[in-house]
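Visitor: What follows is a predicted structure for the sequence shown.
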Amino acid sequence: MVTMSGFEAVKRPIDVARTLPPASYYDPAMYEVERVRIFHRGWRAVGFVDQVPAAGDAYPLRYADAPLLLVHGQDGVLRLFHNIVPYDAAPVLLEPARGLSELASAYHGLVFTLEGALSRAPFWNGDPAADRSAVQADLVDLIPVPCRTWGRVVFANIDGRDPDGFERTIAPLEDLLGGITFAALAPERYADGTLALTDETTLGNWKTHHENACINVYHEAAVHAIYRVSTAVPRLTNTKRNYRPINDRGLRGLSYTKEEAGDTYLQIPFPPLPRHDARDDGNVIVSLYPGLYVSVIGAHVHLTIASPMDAEHTRLQSLSLFHPDVAADEESAPIRAAVAAAWDEAVSEDGRIIAAIQAGRRSPVAQAGFFAPFWDEAHHDFLKQVVADLEET
């Protein structure tokens, strides 16, 4: 059982600080606290605009045990609801749907408008044509979730406690990447036109995934084949960093030059990403606390939303964006496929080591680890943010 007393060592200066106790990475009770105090509070990335591209589209989501429903209204507005019928918490939709004019619940057939209002209640009182007036209850409509979008990502304020915090949440992302015209980008699609959204559940606590994703630069060459053959890795010149650490209001990661990226990553002969300013931040790999990962490498953007499924499993949903001139171009399909394969390989390599770390934290000799001060400022800052959220009542 994890207790808050084990968190004090995280707050110390980095050279004497310790990481969280090993049990905090597998204790179900810890997960329950994190789910409520971290993932259901504040503005969190829960889905992608491209999951509901047209009016009448609806997409069930699940985020840290919260069933949600993303709906593209006939009025063009994206809305998010709790994916439950107030009557008995039965689901509204079980599967994604296209071109709907209304939402018919999967269990009892109660019918709602795309704006979430109960419109019909077939057979509620025995009458097949019963309307909402037949349901005598205080709560009959779908329960909305405040949502906003940034960079093709849908953010939600699940518990509704931070109604004015969206701009504050995305401010570091906007400062870093706001010049990219995300609305002009196009998502990767399969040959049949369906969205190329990867969706997998992997072994490993969400915190380990976050620590590994981009804030631990030290691990790159040891874990990834593509880094082991790169002349730019480790990212050092005479013990000095040749990258720019990013540690800004919950946004953590690194940026580096196009030249350094060229020594490491695939060269993509695509048009540059469309921008509406003159800035050029080169390439970045960043994570926005607690579970959005944004990579801008060359001429594409890779987005991943990570959310915990339980104490020891994390769901990863990813999407790649390209310049619209090449996103559906048949001639560029082999290059886009190579990009996708490179991401799949990286995820596989990360998944293998994260699963091993997950097992290692159950070792009888496992204890709170320590930090490498040269590399681990972002890692240390991340865990301090976790502790601060857990201590907030």
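Guide: Structure received.

Visitor: Wait, residue 323 touches residue 274, no?
Guide: Yes. Residue 323 is within contact range of residue 274, at 6.6 Å (criterion: C-beta atoms under 8 Å). Bear in mind the C-beta positions are built from the backbone N, C-alpha and C, glycine included.

Visitor: Pick out whichever of the two has more residues nearby.
Guide: residue 323 (19 against 15; other C-beta atoms under 10 Å).

Visitor: what's the spacing between the closest residue to the more buried one other than its chain neighbours and residue 184?
Guide: Nearest-residue entry for residue 323: residue 271, 4.5 Å, with adjacent residues in sequence omitted and distances by C-beta to C-beta, 6 or more residues apart in numbering. If you measure residue 271 against residue 184 using C-beta to C-beta, to the nearest Å, the figure is 11 Å.

Visitor: What ranges does the stretch 251-393 of the chain have for its helices?
Guide: For the stretch 251-393 of the chain, the helices defined by DSSP state H, counting those that start in this stretch occupy 258-262, 324-327, 333-360, 377-391.

Visitor: among those helices, which is the most enclosed?
Guide: Counting by mean count of other C-beta atoms under 10 Å, helix 377-391 has the highest mean neighbour count of the helices of the stretch 251-393 of the chain, with a mean of 19.

Visitor: So what touches that helix?
Guide: The contact list for helix 377-391 (C-beta atoms under 8 Å, 6 or more residues apart in numbering) reads 4, 7, 10-11, 14, 17, 19-20, 33-34, 37-38, 41, 207, 210-211, 215-216, 245-247, 250, 252-253, 289-290, 371.

Visitor: May I have that helix as PDB, with CA atoms only?
Guide: What follows is helix 377-391, C-alpha atoms only, in PDB (Å, rounded to 0.1, in the frame of the first residue of the first chain):
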ATOM      1  CA  GLU A 377      15.600  17.700 -14.700                       C
ATOM      2  CA  ALA A 378      12.400  17.100 -16.600                       C
ATOM      3  CA  HIS A 379      11.900  13.700 -15.100                       C
ATOM      4  CA  HIS A 380      12.300  15.200 -11.600                       C
ATOM      5  CA  ASP A 381       9.900  18.000 -12.400                       C
ATOM      6  CA  PHE A 382       7.300  15.600 -13.800                       C
ATOM      7  CA  LEU A 383       7.300  13.500 -10.600                       C
ATOM      8  CA  LYS A 384       7.000  16.700  -8.500                       C
ATOM      9  CA  GLN A 385       3.900  17.600 -10.500                       C
ATOM     10  CA  VAL A 386       2.400  14.200  -9.900                       C
ATOM     11  CA  VAL A 387       3.000  14.500  -6.100                       C
ATOM     12  CA  ALA A 388       1.500  18.000  -6.100                       C
ATOM     13  CA  ASP A 389      -1.600  16.800  -7.800                       C
ATOM     14  CA  LEU A 390      -1.900  13.800  -5.500                       C
ATOM     15  CA  GLU A 391      -1.600  16.000  -2.400                       C
END
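
Visitor: just the buried members of the contacts of helix 377-391?
Guide: 7, 10, 14, 17, 19-20, 34, 37-38, 41, 207, 210-211, 215-216, 245-247, 250, 252-253, 289-290, 371 (16 or more other C-beta atoms under 10 Å).

Visitor: Okay, and which of those residues map to helices?
Guide: The helices, defined by DSSP state H, take in 34, 207, 210 from these.

Visitor: what sits against the first one?
Guide: For residue 34, the contacting residues are 206, 308, 386, 390, taking C-beta under 8 Å, 6+ apart as the criterion.

Visitor: now with 10 Å?
Guide: 24, 27, 40, 64, 205-207, 290, 308, 311, 386, 389-390 (C-beta atoms under 10 Å, 6 or more residues apart in numbering).

Visitor: Please report the distance of it from residue 254.
Guide: In this view, residue 34 and residue 254 are 26 Å apart by C-beta to C-beta.

Visitor: likewise residue 266?
Guide: 19 Å.
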